[in-house]
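Chemist: I need the structure of the sequence given here:
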Amino acid sequence: MIKLGFIAKCKQSGCPWSITLRWIKDVNCWRVTTFTNTHDGCFWVWEDPTVMASRLAKRWKKDIRGNSKWTLSEFRERVATDDHFHITSKVAYKAMTMARASIDGELEDYFRTFWNYYLEIQRSNPNTTSIVKMSEYVEEGGKKRFLRWYICWEACRNGFQHCRKIIGVDGFHLRSKYGGYLLTATSMDPNDGIFPIAYAMVEGIEVAAESEVTFIFDKKKGLIPAFNVVIPNVVHRFCVRHLYANLKVVGFHAKAIKETLWAAARTTTVNSFKDELRKMKELDINAFEWLENKQPSEWSCSHFTCSALCDILVNNTRGSEWSRPICPNIVKKIAVEEKFAGGYIPLQCDLNLFEVKNCHTGEQHQVGLGKKTCSCRKWDLSGIPFKHAICAIWMKRHNVLDYVNSYYSIENYLKVYRWSIKPMAGPNEWPQTHRETPPEYKAKPGRPKKLRLRGADETKGKIKSQLMGSI
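Modeler: Residues are numbered from 1 along each chain as shown. Model prediction:
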């Protein structure tokens, strides 16, 4: 019987490191018989001619997927840092090419199974709206290319009926061989969390009463004409962060202008809005004239309608105890306002009307508990009583939470998440189809960009830190 064995030793002269392996036929494996795990008088060898590009591609595939703009030098430096050996430019290029080819091949495999997934959605969630649009061009064999896909799950559609009537529309680039965008439509649940409505919205959203819905977005080209055609009667709001970005693009970069713009956006009364615009005019007459051409009803709380019960100014919102009737995040907001309510003195005019005055500044507002209104309009806009209203409620010795709009109740929160997306089977059990329709790949001219396009409101270049240097 032939015995198979293997002995490995350190190549450095005089180093005792070695390992001996012997093949055990009965159990079909290698057994370590001796192992001296000590290096003495040797140094690290950075060059390893046995490293194969195929193994590197497999080892670094996930990292290359997440860093699609890596250069050869960046990849070689990362390999040297993490794996402690150097590779040549030729090996690095071959490894990255193999990894990217594998990634693109996986993407094509995903598109091959897309129609199986589409049929599985129809089987497991039959009331979900899932629409696929194909290209008009017909290829050989009668096949059409995949163009876009819209999906609105039944659970999301039903849950949105109990959310506030505000919809944020946003999108971002898909970093893949085929490119494209992922569009999203989201709302806000009773606990001020993000609630998804639909993905890749291309044909609008069905709502019960279009005139009561408010859309907030970043004024991308094509959105406004699309809204005017599909759902023309809705209210539009523009993201103030993107409004300031456009203001910077036309040349107004001063910090004072930025602060005044946001102050004007946050004001809840027309008079205070005019005061902030007056400050803007004193700072820069050109910036004032540029801003004056924008409809205040689209970006300032002072001109917002109260039907949405939401005073957010951006289209990418952020996402406890549940023993009270109101959602915990709303209770936290009220707790903050209660700290400021102590600085006001209420004067009761009749059963539900109050005159509230600040002890130090002389600020004065009218509060109507019956209609749940305040002359500062914060209560009207959000449905949550603020400091002026809280002061009046305390005088009546009532519970502040009883005056919060029912949209924020835990009962309504449970209605939002009452429905669920039905579970689906695994890919092996999906309905089978032989339609293979990946999007048409169009290589862009010129050298690929290494960095993403920064927004006008983002800092460009390196940020200097006094303690740590360049970041």
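Chemist: so where's the stretch 51-200 of the chain uncertain?
Modeler: Along the stretch 51-200 of the chain, the model assigns pLDDT under 70 to residues 105, 141-142, 175-177, 179.
Chemist: now with 90?
Modeler: 51-55, 57-90, 94, 96-118, 131-150, 161-190, 192-194, 199-200 (pLDDT under 90).
Chemist: all strands of it, in order?
Modeler: 129-138, 144-152, 166-173, 181-188, 194-199 (DSSP state E, counting those that start in this stretch).
Chemist: and the last one, C-alpha only, in CSV?
Modeler: These are the backbone C-alpha positions of strand 194-199, laid out as CSV (Å, rounded to 0.1, in the frame of the first residue of the first chain):
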residue,chain,number,x,y,z
ILE,A,194,-41.0,56.2,7.1
PHE,A,195,-43.8,54.1,5.5
PRO,A,196,-43.0,52.7,2.0
ILE,A,197,-45.8,53.0,-0.5
ALA,A,198,-44.4,52.0,-3.9
TYR,A,199,-41.1,51.5,-5.8
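Chemist: in it, what's buried?
Modeler: 195, 197-199 (16 or more other C-beta atoms under 10 Å). In short, each C-beta sits where N, CA and C put it, glycine included.
Chemist: out of the strands of the stretch 51-200 of the chain, which gets nearest to Asn428?
Modeler: Proximity to Asn428 (C-beta to C-beta) singles out strand 129-138 among the strands of the stretch 51-200 of the chain, at 21.0 Å.
Chemist: got the angle for the closest one vs strand 144-152?
Modeler: Counting by axes from the mean of the first three to the mean of the last three C-alpha atoms, to 10 degrees, strand 129-138 points 160 degrees away from the direction of strand 144-152.
Chemist: chain center to strand 129-138: distance?
Modeler: 26 Å (C-alpha atoms, centre = their mean, to the nearest Å).
Chemist: listing partners with orientation, what would you give for it?
Modeler: strand 144-152 (antiparallel) (DSSP bridges).
Chemist: how long is stretch 147-166 end to end?
Modeler: 28 Å (C-alpha to C-alpha, to the nearest Å).
Chemist: before we move on, back to that, right, and the strands of the stretch 51-200 of the chain - which one's nearest Ser13?
Modeler: strand 166-173 (56.0 Å).
Chemist: list the buried residues for stretch 159-178?
Modeler: In stretch 159-178, counting by 16+ other C-beta under 10 Å, buried: 159-160, 162-171, 177.
Chemist: coming back round to it: now the strands of the stretch 51-200 of the chain in JSON lines, with distance to Arg100?
Modeler: What follows is these, written out as JSON lines (distance: least, C-beta to C-beta, whole Å):
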{"stretch": "strand 129-138", "distance to Arg100": "25"}
{"stretch": "strand 144-152", "distance to Arg100": "21"}
{"stretch": "strand 166-173", "distance to Arg100": "18"}
{"stretch": "strand 181-188", "distance to Arg100": "21"}
{"stretch": "strand 194-199", "distance to Arg100": "26"}
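Chemist: ok, which of those strands comes nearest Lys25?
Modeler: Of these, nearest to Lys25 by C-beta to C-beta is strand 144-152, at 53.1 Å.
Chemist: next, the angle from that closest one to strand 194-199.
Modeler: 150 degrees.
Chemist: okay, buried residues for stretch 44-57 please.
Modeler: 51, 53, 56-57.
Chemist: which member of these is positioned nearest Tyr244?
Modeler: Ala57 (44.1 Å).
Chemist: follow-up on the earlier one: and the buried residues of strand 194-199 as TSV, adding distance to Trp290?
Modeler: What follows is these, written out as TSV (distance: C-beta to C-beta, whole Å):
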residue	distance to Trp290
Phe195	35
Ile197	33
Ala198	34
Tyr199	35
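Chemist: determine the set of other helices and strands touching the top helix by length along the chain.
Modeler: Assignment by DSSP state H gives helix 89-112 as the longest helix of the chain. Here helix 89-112 touches helix 53-59, helix 61-66, helix 72-83, going by 3 or more C-beta pairs under 8 Å, 6 or more residues apart in numbering; DSSP states H and E.
Chemist: please identify the most buried of those helices.
Modeler: helix 53-59 (a mean of 16; mean count of other C-beta atoms under 10 Å).
Chemist: before we move on, back to that, and the helices and strands packed on helix 89-112: which comes nearest Leu277?
Modeler: Smallest distance to Leu277 across those (C-beta to C-beta): 45.4 Å, for helix 61-66.
Chemist: how long is stretch 136-151 end to end?
Modeler: For stretch 136-151, the end-to-end distance is 21 Å (C-alpha to C-alpha).
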